[in-house]
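Colleague: Here's a sequence, model it:
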Amino acid sequence: MGQSTRSLALVVLAGGGALAGVSLGFAQGDGSRTDNPDLLRGSLGVGCPAGTLCDFPAERLLARPILPANALASTPAPLATVAPAEVPSVALPAAPAPVPVLPETAPVSTPVASSDHADLAYGISLRGAYVRSEDEERFEMLTIPSIGFSRSVGAADVTLDASATLVQPRSDDPRIADAQVAFDTEYRLSPSADLAFNADFALSQDDPQALTVDTADLITTPLIVSGGLGAAYTQTFGRLDATVSLGLDREWVGSSTRSDGIEIDNDDESYTHYEGGLRLGYAVTPVLEIFGQGTAGRTDFDGADPDLGLNRNGADYTLRGGIAGNWNDVLVAELSLGSGWRDYDAARLADAQSWLYGAALGYRFSPTTQIVASLETELTPGEDGGGASTRYLAGLEASHTANSWLGLRASAGLEWLAPDDETPASRLYSAGIGADVLIGPHTSATLDYEYGLREDPGAADARRDEHRVSGGISLQY
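Modeller: Modelled structure (predicted):
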C-alpha cells in the first residue's frame, strides 16, 4: 500500500471510526432579517461554505435583512451545543469588507428595552486532511482555536469574534492559513432609529499547491492582510425605512517566491476602497417589501498592473431595486435587478457597465430540513492585463438534522469571472458533503469530503481539480 493510500485510509478510518463509535453509544431518536446563520446567508457564503475548497468574498449589498430577528428560532440547529470545525482549503482574494448590515428596527410603538446580558464561548478543533490534486498530494494537520463574546447593555449590543486556522503540512513549515477578528456594535438611538459600527481584520496565506494559485513553481504564496471599518444609520418612518452607510477597506498583498528564488511583487493587487451607500425600503404588506439601493465608491491600487503598465484606479457605482418577502418563516426570498458602472482614471482602460442580478431563496421543509439557494453579481476592476470583469456567484446548500446527535449537510457552488473585453472566462466549481456527530455536551466529531474544479485559460495550469477528505474532533465551551 503506497504512502498516499495509507494517508487517505488513515483520515477515512479515523472519521468513520468516530462516527461509528458515537452511533453505537448514542443511538437515539442575504437578504434576510434573521440572525440564523443557516438561512439566506447570501450566495457568497453558501456557494463555498467553510471547509470546502474556496472562500468567496463577502457580499457587499446594502440591503437590510428581510426576516425578523427571531426567524427560524424554533428550528433546532444540527448540533446546537458544538459548532462544526472550519477547515479552509484555498481562498480567493478577499473583496472589500461589507458595509454593515442592520437588523430591522422596531416599530415606533415599541419602547427601547433595557437589558444587561453577556455570553462567552470558546473552543478548539483538531482535524486531519488528505488533499489530492492532479498528480500531487499532501497531508495536513489543522488546529483551529476560536472565541466569541457578546454583551447587551441597555440599548447597545456588542459582539467580538476571533478565530485562526494553523496548518502543519507533512513536508513543509507550519503556517497560519487564516485568522480573523471581527467587532460589531449596534446602538438603538430610539424605537425608530439604529446606529451600527463594525471593524474587522483578516490574515490568510494559501498553500503553494492550492487550487486557486495560478502561478507555477511557487514555494511561498503571498501573505494577505486586510481590514475594514464601517458605519450605518437606519431610520424608520412608518412603513418606510432608510439606511445610510459608509465604509473604508484596505487589503495588502505581500510578495510570493518562486522555486528559483525570484520574488514576485504583488503591489498591483493591494488596494484601498472607500464606499458610501443609501437604501430605501417600503413595506407594502406585512409579507412583502420593495426596496431600492445605490452605492458610490472608489478603489486605489498601490502599484501598476505589470501586464498593462498602469494601475486600475477608478470610481465605481451601483444602482438596483428589488422585492423581498417572508412567508411565516417557512419561505423567504429576495429578487433584485440593477446596473453597475466602473470609471477608470487611465484613458487607456475602457470604462465598463454591467447588469447586476441578485436572488436568494430559503425554504424550510420541516423543523429539521432546509435548503438555501442564491445568486449574486458584481463588477470588479479586473485582473491579468484585462479590463473590468463581471463576477457571478451561485450557491446551493442543504442541511438535515437526523436526530439529536447527527447532522448531515451538502453544498455546491460556482464562481464565474467574465472579462468585459470578452476574453475567455475563468470558472471555479465546488461541491461537498459532510456529517457532524455530537459526542457529548462540549464535544463533536466531523467528517467531510469536498471537491473543487478550476478552469482558467490564463493560469499556468488551465484546468485543475482537487479532492479533500478531512475529519476530526471539536471542543466548544
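Colleague: my read: Gly292 touches Tyr282, true?
Modeller: No: here Gly292 lies out of contact with Tyr282, judged by C-beta atoms under 8 Å, at a distance of 9.0 Å. Bear in mind the C-beta positions are built from the backbone N, C-alpha and C, glycine included.
Colleague: Below-threshold pLDDT in the protein: ranges please.
Modeller: 1-115, 216, 460 (pLDDT under 70).
Colleague: Would you map the helices across it?
Modeller: 3-26, 43-47 (DSSP state H).
Colleague: Tell me how far Trp327 lies from Ser354.
Modeller: According to C-beta to C-beta, to the nearest Å, Trp327 and Ser354 sit 32 Å apart.
Colleague: With neighbour numbers in mind, choose between those two.
Modeller: Comparing Trp327 with Ser354 by other C-beta atoms under 10 Å, the one with more neighbours is Ser354, at 21 against 11.
Colleague: list the contacts for that one?
Modeller: With C-beta atoms under 8 Å, 6 or more residues apart in numbering as the criterion, the residues that contact Ser354 are Ser339, Gly340, Thr377, Leu379, Ala388, Thr390, Asp420.
Colleague: if we go to 6 Å?
Modeller: Gly340, Leu379, Thr390 (C-beta atoms under 6 Å, 6 or more residues apart in numbering).
Colleague: Could you do Leu189 as well?
Modeller: By C-beta under 6 Å, 6+ apart, Leu189 lies in contact with Leu195.
Colleague: make it 8 Å
Modeller: Here Leu189 is in contact with Ala155, Leu195 (C-beta under 8 Å, 6+ apart).
Colleague: thinking again about what came up before, from the contacts of Ser354, pick the one nearest Gly407.
Modeller: For these, the residue nearest Gly407 by C-beta to C-beta is Thr390; the value is 35.9 Å.
Colleague: Give me the nearest residue to the closest one, chain neighbours excluded.
Modeller: Distances taken as C-beta to C-beta, 6 or more residues apart in numbering place Ser354 nearest to Thr390, at 4.4 Å, with adjacent residues excluded.
Colleague: do the same with Leu229
Modeller: Leu248 (4.9 Å).
Colleague: To what extent is the one you found buried, counted in neighbours?
Modeller: 16.
Colleague: quick one: it and Ala231 touch, right?
Modeller: No: in this structure, Leu248 is not within contact of Ala231 by C-beta under 8 Å, at 9.4 Å.
Colleague: Got phi/psi on Gly386?
Modeller: phi -110, psi 180 (degrees, to the nearest 10).
Colleague: For it, which residues are in contact?
Modeller: So Gly386 contacts Pro419, Asp420, Asp421, Thr423 (C-beta under 8 Å, 6+ apart).
Colleague: Derive a ChimeraX selection command for the buried subset of these.
Modeller: The following ChimeraX line selects those of the contacts of Gly386 that are buried, judged by 16 or more other C-beta atoms under 10 Å:
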select :419,420
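Colleague: Tell me which two of the contacts of Gly386 sit farthest apart.
Modeller: Across the contacts of Gly386, the longest distance by C-beta to C-beta is 9.0 Å; it joins Asp420 and Thr423.
Colleague: Please name the spatially closest residue to Gly123 (chain neighbours excluded).
Modeller: Gln476 (3.6 Å).
Colleague: The one you found - how many residues pack around it?
Modeller: Neighbours of Gln476 (other C-beta under 10 Å): 20.
Colleague: and if you look at Ala360?
Modeller: A count of nearby residues for Ala360, using other C-beta under 10 Å, gives 29.
Colleague: same question, Asn313
Modeller: Neighbours of Asn313 under the rule other C-beta under 10 Å: 17.
Colleague: I figured it hits Thr299, correct?
Modeller: Yes: counting by C-beta under 8 Å, Thr299 is a contact partner of Asn313 at 6.8 Å.
Colleague: these two touch, right, Ala118 and Arg151?
Modeller: Yes: Ala118 is in contact with Arg151 according to C-beta under 8 Å; the separation is 4.1 Å.
Colleague: wait, Glu275 sits on Leu246?
Modeller: Yes: using C-beta under 8 Å, Glu275 is in contact with Leu246, at 7.3 Å.
Colleague: Look at the two and report which has more neighbours.
Modeller: Glu275 (24 against 15).
Colleague: Show me what the more buried one is bridged to.
Modeller: With DSSP bridges as the criterion, Glu275 is bridged to Gly247, Gly297.
Colleague: And for the one 4 residues further on?
Modeller: Note on Arg279: beta-bridge partners by DSSP bridges are Thr243, Gln293.
Colleague: bridging residues for the residue nearest to Arg348 when sequence neighbours are not counted?
Modeller: The spatially closest residue to Arg348, leaving aside those adjacent along the chain, is Leu310, at 6.3 Å (C-beta to C-beta, 6+ apart). Leu310 has these beta-bridge partners by DSSP bridges: Asp305.
Colleague: ditto for Gly358
Modeller: Counting by DSSP bridges, Gly358 is bridged to Ser336, Glu376.
Colleague: My guess is it contacts Ala333. True?
Modeller: No: using C-beta under 8 Å, Gly358 is not in contact with Ala333; the gap is 11.2 Å.
Colleague: Who has more neighbours out of those two?
Modeller: Legend: neighbour count by other C-beta under 10 Å for Gly358 and Ala333, higher for Gly358 (24 against 20).
Colleague: What are the neighbouring residues in contact with that one?
Modeller: Shown in contact with Gly358 (C-beta under 8 Å, 6+ apart): Gly31, Leu61, Arg320, Gly322, Glu334, Leu335, Ser336, Leu337, Gly338, Leu375, Glu376, Thr377.
Colleague: contacting residues for the last one?
Modeller: The neighbourhood of Thr377, defined by C-beta under 8 Å, 6+ apart, consists of Ser354, Trp355, Leu356, Tyr357, Gly358, Thr390, Arg391, Tyr392, Leu393.
Colleague: State the number of residues packed around Asp200.
Modeller: Asp200 has 19 neighbours, counted by other C-beta under 10 Å.
Colleague: With Ser245 instead?
Modeller: Neighbour tally, Ser245, other C-beta under 10 Å: 23.
Colleague: Surely it and Ala231 touch.
Modeller: Yes: if you go by C-beta under 8 Å, Ser245 and Ala231 touch, sitting 6.8 Å apart.
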